[in-house]
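Undergrad: sequence and predicted structure are below.
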Amino acid sequence: MNAPQPAISRRAALRRLLGDLNAGRRGLQPVANDNAGFDGVLWRLASTESGPMLCVGDDGQIGRWQDSAWHWQTLPEQLNLHALCEVEGELYAVGWLGALYHCGQDGDWKLLQGGADAAGRENLPLFDIAADGHNQLWAVGDHGLVLRRREQHWEAMDSGSSANLRAVLPLSDGRVLAAGLSGTLLVLDAGRWQTVQTNTGCPLVSMAECPDGRVVLVGGEYSVADGGFRGRLLEYSDEGVVDITPEAPLPRLRRVRWLDDALWICGDEGFALHWSDTGIEHLHNPARFDLHDVYRHGGETWFCGDRGSLFQVSTEAAAPAIQAGNEPHWQLLSEGGIRGALRTLCVLDSERILAAGDAGHVLHIEGDELRWEQLPGGLRIHDLWCSSPRNVFAACDGGTLMHYDGESWEVIHRGRSDCALLAIQGFGPHDVFAVGDNGYALRYDGLGWKTLETGVKQELYGLWGQDSDHLLAVGGGGLVLRWNGSSFRSFGAGTDQDLYAVAGRGLNSLLLCGLAGKLIRFADQQWHQEFTGVRSDLHGLAIDGAEAICVGSHGTVLRSVTDRDGRLRWDPETTPTTHTLQAVASNGSGSWAVGSFGCVLRRKGDGH
């Protein structure tokens, strides 16, 4: 612990790094985990010396990386598993309700203790487990709980603290550190736990010992000034604790490890950092999920995190063309034109697009020219569909439908006043469907609008069809309704998240999007949960040939890309707005998106 200070301090090195966060040549590439339906957090990675890598997470999920694929099992108790470690070729995991599991060389997981929803320290949640150089195991959890395994027996120790502990680290000199909330840092020396002054109230959630004996601690705390969580970096040595957090803001940090002669750090919003003697590298990551662990196995570096996400470090993932100069892919043509939102786009022809939204606002787009109008009555328009530029239908609040003949608008139907019509789709000038609140559905046959029985009470947000006998509606709670020409039938797409939009190239090539980054693809007669890397609510979809574009909250735009191996991925595109984008459409002049406060975006390079 008495190694000399390096010539360049870690704080100075970090300051240099954060002046150029886009300097990294490597990035994170998402890896499919084929764990259908799992939407929780993957907390920790580990492996035995000669065995496969494993991953544990919420709901008792355990993944095993074998034969270039992830294989999953769920433990019977379905308790969240927070940490995992190896000792003498065997694995131990800890989690919720004090659950402590053991996996021998036979591959079977057994609950050793805890796991009961009852009072008692043995059922306090455990958050970390680690082994020292003598194969002694340590685990920590809430209310200062420290467990130690000696000679196959687990015993609770008196830590002298009531703080909720989140990390434990056996040191190379025989001492043990435990860290947790409120800036707590404890050290076990000569059989007695002592408190180390950190001069911070920041939760400390992970620690790593460097070869020079110094320990790096990471965490994060809420900043009122910044309106969000900010990461903290501390360094512990014989001289005490020093704050080495750079002045430039970091996201909340979740994990630090010393792996193969380098520090690896990860945290919120996809943050990943590699720190070695040769420099500090920020790894590009288009996915914005929080990362909770990093691990080296078989010469590869892995990360795991929210929404069941798994990544490998790759030079191909850096995507320098997308990141160059951090220039937006989309151009902002209008903002602040209305107080509400533009909610829909309708392609009239190869040159003209119609947008509409709150308070009866309508926007005519032709090339770069924008012309606003506001309809009398100020009805909110949720969706548009047209069979020609002179035959446009609008789905509105109050069960109302309007028509535009290329020159003027008129109300053509007033339905249930308590139900907004949210989506509309047609297959000819005399064959149009509309759906909305409380499962409300209408059909126009050229003579009038007739109510259709859907059998559901959820909101129906999106509508798409191949023809009038094959129609899909999506809505609240992951609902998907299929119209077969005479009736609706409901079925699921593997999610209970609200679905806001549906689009397709055909009945066996569908896309659905919705709440919290949910994007689902139907192909090969089955549903596939797509990895988007975002938490934004996704509101709009457009398919243009082989390409698809999805838009949502916080200015989110995702574009489908097929890599050279034929795999589909969703790349984020930068936009000059943080407003919610409600709709997207493409025509011969390019791709367009509209949203809150009347913002209008056009994809750069399109139509020029």
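TA: Sure, I can see it. Numbering: from 1, shown residues only.
Undergrad: and stretch 146-165, which residues are buried?
TA: 146-149, 157, 159, 161, 163-165 (16 or more other Cβ atoms under 10 Å). C-beta coordinates here come from the backbone N, C-alpha and C atoms, glycine included.
Undergrad: okay, that stretch in PDB with CA atoms only?
TA: Extracted as PDB, the C-alpha positions of stretch 146-165 are listed here (Å, rounded to 0.1, in the frame of the first residue of the first chain):
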ATOM      1  CA  VAL A 146     -21.400  -9.100   6.600                       C
ATOM      2  CA  LEU A 147     -21.200 -12.900   6.100                       C
ATOM      3  CA  ARG A 148     -18.000 -14.900   6.100                       C
ATOM      4  CA  ARG A 149     -17.500 -18.500   5.000                       C
ATOM      5  CA  ARG A 150     -14.800 -20.500   6.800                       C
ATOM      6  CA  GLU A 151     -14.400 -24.200   6.500                       C
ATOM      7  CA  GLN A 152     -17.700 -24.600   4.600                       C
ATOM      8  CA  HIS A 153     -19.600 -22.700   7.400                       C
ATOM      9  CA  TRP A 154     -21.200 -19.300   6.900                       C
ATOM     10  CA  GLU A 155     -21.200 -16.900   9.900                       C
ATOM     11  CA  ALA A 156     -22.500 -13.400  10.400                       C
ATOM     12  CA  MET A 157     -19.900 -10.800  11.600                       C
ATOM     13  CA  ASP A 158     -20.400  -7.600  13.500                       C
ATOM     14  CA  SER A 159     -19.500  -4.900  11.200                       C
ATOM     15  CA  GLY A 160     -20.200  -2.100  13.700                       C
ATOM     16  CA  SER A 161     -22.300  -0.400  11.100                       C
ATOM     17  CA  SER A 162     -26.000  -0.200  10.200                       C
ATOM     18  CA  ALA A 163     -25.400   1.200   6.700                       C
ATOM     19  CA  ASN A 164     -26.700  -0.700   3.600                       C
ATOM     20  CA  LEU A 165     -23.600  -2.300   2.200                       C
END
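Undergrad: surely residue 124 touches residue 141?
TA: Yes - with contact defined as Cβ atoms under 8 Å, residue 124 counts as touching residue 141 (5.0 Å).
Undergrad: who's more crowded, these two?
TA: Using other Cβ atoms under 10 Å as the criterion, residue 124 and residue 141 rank with residue 141 on top: 28 against 20.
Undergrad: which residues are in contact with the more buried one?
TA: Contact partners of residue 141, counting by Cβ atoms under 8 Å, 6 or more residues apart in numbering, are 94, 98, 124-127, 147, 164-165.
Undergrad: hmm, 10 Å instead?
TA: Contact analysis of residue 141 by Cβ atoms under 10 Å, 6 or more residues apart in numbering lists 82-83, 94-96, 98, 114, 121, 123-129, 147, 164-166, 168, 180.
Undergrad: ok, the buried residues of stretch 146-165 vs residue 484, which is closest?
TA: residue 164 (54.9 Å; Cβ to Cβ).
Undergrad: picking up where we left off before, need the overlap of contacts for residue 124 and residue 141.
TA: 96, 98, 114, 147, 164.
Undergrad: quick one: the helices in the stretch 1-150 of the chain?
TA: Per DSSP state H, counting those that start in this stretch, the stretch 1-150 of the chain carries helices over the ranges 10-18.
Undergrad: where's residue 356 relative to residue 386, distance?
TA: 12 Å (Cβ to Cβ, to the nearest Å).
Undergrad: spit out the residues that contact those two alike.
TA: 346, 392, 394, 404.
Undergrad: using CSV, write out every CA atom in the helix or strand hosting the third one.
TA: Following DSSP states H and E, the helix or strand that holds residue 394 is strand 391-396. Presented in CSV, the C-alpha positions along strand 391-396 are these (Å, rounded to 0.1, in the frame of the first residue of the first chain):
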residue,chain,number,x,y,z
ASN,A,391,-59.2,12.0,-50.4
VAL,A,392,-57.7,12.4,-46.9
PHE,A,393,-59.3,11.0,-43.8
ALA,A,394,-58.5,12.3,-40.2
ALA,A,395,-59.2,10.5,-36.9
CYS,A,396,-59.9,13.0,-34.2
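Undergrad: what mean pLDDT does that strand get?
TA: Averaging pLDDT along strand 391-396 yields 97.
Undergrad: tell me how far it lies from the chain's centre.
TA: How far strand 391-396 lies from its chain's middle: 34 Å, per Cα atoms, centre = their mean, to the nearest Å.
Undergrad: packing partners of the helix or strand following that strand?
TA: Next along the chain after strand 391-396, taking DSSP H and E as the criterion, comes strand 400-404. Helices and strands touching strand 400-404, by 3 or more Cβ pairs under 10 Å, 6 or more residues apart in numbering; DSSP states H and E, are strand 352-357, strand 381-388, strand 391-396, strand 409-414, strand 421-426.
Undergrad: now do the fourth one against strand 421-426, angle only.
TA: With axes from the mean of the first three to the mean of the last three Cα atoms, to 10 degrees applied, the angle from strand 409-414 to strand 421-426 works out at 100 degrees.
Undergrad: for strand 409-414, packing partners?
TA: strand 391-396, strand 400-404, strand 441-444, strand 449-452.
Undergrad: the first one pairs with which strands, parallel or anti?
TA: By that I understand strand 391-396. strand 381-388 (antiparallel), strand 400-404 (antiparallel) (DSSP bridges).
Undergrad: then the last one?
TA: Strand pairing for strand 449-452, determined by DSSP bridges: strand 441-444 (antiparallel).
Undergrad: ok, residues contacting the strand it pairs with?
TA: 393, 395, 399, 401, 412-413, 415-416, 419, 421, 423-424, 426, 429-436, 448-454, 456, 460, 463, 468, 471, 473, 481, 483, 488.
Undergrad: buried only: go through those residues for me.
TA: For the contacts of strand 441-444, buried by 16+ other Cβ under 10 Å: 393, 395, 399, 401, 413, 415-416, 419, 421, 423-424, 426, 431-436, 449, 452, 454, 456, 460, 463, 468, 471, 473, 481, 483, 488.
Undergrad: coming back round to it: lowest-confidence entry in the shared contacts of residue 124 and residue 141?
TA: Lowest confidence among these: residue 114, with 92.
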